[in-house]
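[1] Using only what follows, build the 3D model:
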Amino acid sequence: QPSFAAMPEIKTSDISPNLDQQKMFKELWWLNYCFCQGQGVGAVGNPFFGSEAVEFCIHAKCQMTDIGGPFCSQLNVMCCITEQCSFPPAEGSPICVCFNKKLAGADGFSGLKLFDWEANFADTFWISYIFCGGCGVSGLQANGRPLYALQVKELCIKEEAKLTTPCEDGKWCSGVGTSLCFWNQVTFPPAENAPKFVCFNIMNPNSGAKPMAYGA
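    From the prediction side, this is the model:
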């Protein structure tokens, strides 16, 4: 299966309707904006955290999720290296494995999803695996795994990233995001209608914007 999927400039995100490039240009009070990126101050909580971005050939997302089920987890592939961990441990995880030799515990998990790839313990040569996590190796894209991809969950924050077509729509990087009251946008080359140069909302073409109001 292909490891690349087309991903054009990030103008909006399905994480939240407030992560909208053009809406931010029109309504956000910009703390600063310089040429192709900036940060503004808006409302808190809609959402508390969230972002989506493309940087050259990596498409990444970050969003809030439920705290449990599991509390923390990670599954990633980078070329020939595969890493997995979960707390509580994924169903079927062994307790101890050394150079693919199981020393204690079950035979291994199956059916863990990393985007379109289904990860099975038996498909990787595990250098080590202790209790809830480990690191192994495989051939490049063996058993249909991606060349590069990751999914990470830590309590209520979930992040994921995968390869995409480089410079789709002629943009080297683009993204929108928020963290509490701070809202961010970046696009290079600059996006259409970007406010150019702004400091404390001075020289903002949409000067009627108010601090802490965007996203309320």
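[2] low-confidence ranges in the chain?
    The model of the chain has pLDDT under 70 over residues 1-7.
[3] Taking the centroid of it, which residue is nearest it?
    Nearest residue to the geometric centre of the chain (CA atoms, centre = their mean): residue 61, 2.8 Å.
[4] Now do the helix or strand hosting that residue: which elements does it pack against?
    Residue 61 belongs to strand 58-64 when assigned by DSSP states H and E. With contacts taken as 3 or more CB pairs under 8 Å, 6 or more residues apart in numbering; DSSP states H and E, strand 58-64 sits against strand 49-55, strand 157-163. C-beta: built from backbone N, CA, C; applies to glycine.
[5] Can you give the strand pairings for that strand, parallel or anti for each?
    According to DSSP bridges, strand 58-64 has the following sheet partners: strand 49-55 (antiparallel), strand 157-163 (antiparallel).
[6] Tabulate the helices and strands packed on strand 58-64 (TSV), appending distance to residue 195.
    Formatted as TSV, the helices and strands packed on strand 58-64 follow (distance: least, CB to CB, whole Å):
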stretch	distance to residue 195
strand 49-55	19
strand 157-163	28
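[7] Relative to residue 212, which of those strands is closest?
    Closest approach to residue 212 among the helices and strands packed on strand 58-64 is made by strand 49-55 (17.0 Å; CB to CB).
[8] So what touches that closest one?
    Here strand 49-55 makes contact (CB atoms under 8 Å, 6 or more residues apart in numbering) with 7, 9-10, 13, 15-16, 19, 59-64, 157, 164, 168, 171-180, 184, 186.
[9] among those residues, which ones are buried?
    Neighbour counting by 16 or more other CB atoms under 10 Å classes 7, 9-10, 13, 15-16, 19, 59-63, 164, 168, 171, 173-178, 184, 186 among those as buried.
[10] Which positions in the one helix or strand residue 26 maps to come out as buried?
    Using DSSP H and E, the secondary-structure element containing residue 26 is helix 21-27. Neighbour-count burial for helix 21-27 flags 21, 23-25, 27 (criterion: 16+ other CB under 10 Å).
[11] among the strands paired with strand 58-64, which is nearest residue 106?
    Residue 106 lies closest to strand 157-163 among the strands paired with strand 58-64, at 26.0 Å (CB to CB).
[12] Can you pull the phi/psi pair for residue 107?
    In terms of degrees, to the nearest 10, the main-chain angles of residue 107 are phi -80, psi -10.
[13] Around the nearest residue to it once chain neighbours are set aside, how many other residues sit close by?
    Using CB to CB, 6 or more residues apart in numbering and skipping the chain neighbours, the partner closest in space to residue 107 is residue 92 (6.6 Å). By the criterion of other CB atoms under 10 Å, residue 92 has 15 neighbours.
[14] Residue 92 belongs to a helix?
    No. Judged by DSSP: H, G, I helix; E, B strand; the rest coil, residue 92 forms no part of a helix; its state is coil.
[15] Pick the most buried one from the strands paired with strand 58-64.
    strand 49-55 (a mean of 20; mean count of other CB atoms under 10 Å).
[16] Tell me how far residue 137 lies from residue 121.
    14 Å (CB to CB, to the nearest Å).
[17] With residue 154 instead?
    Residue 154 sits 23 Å away from residue 121, going by CB to CB.
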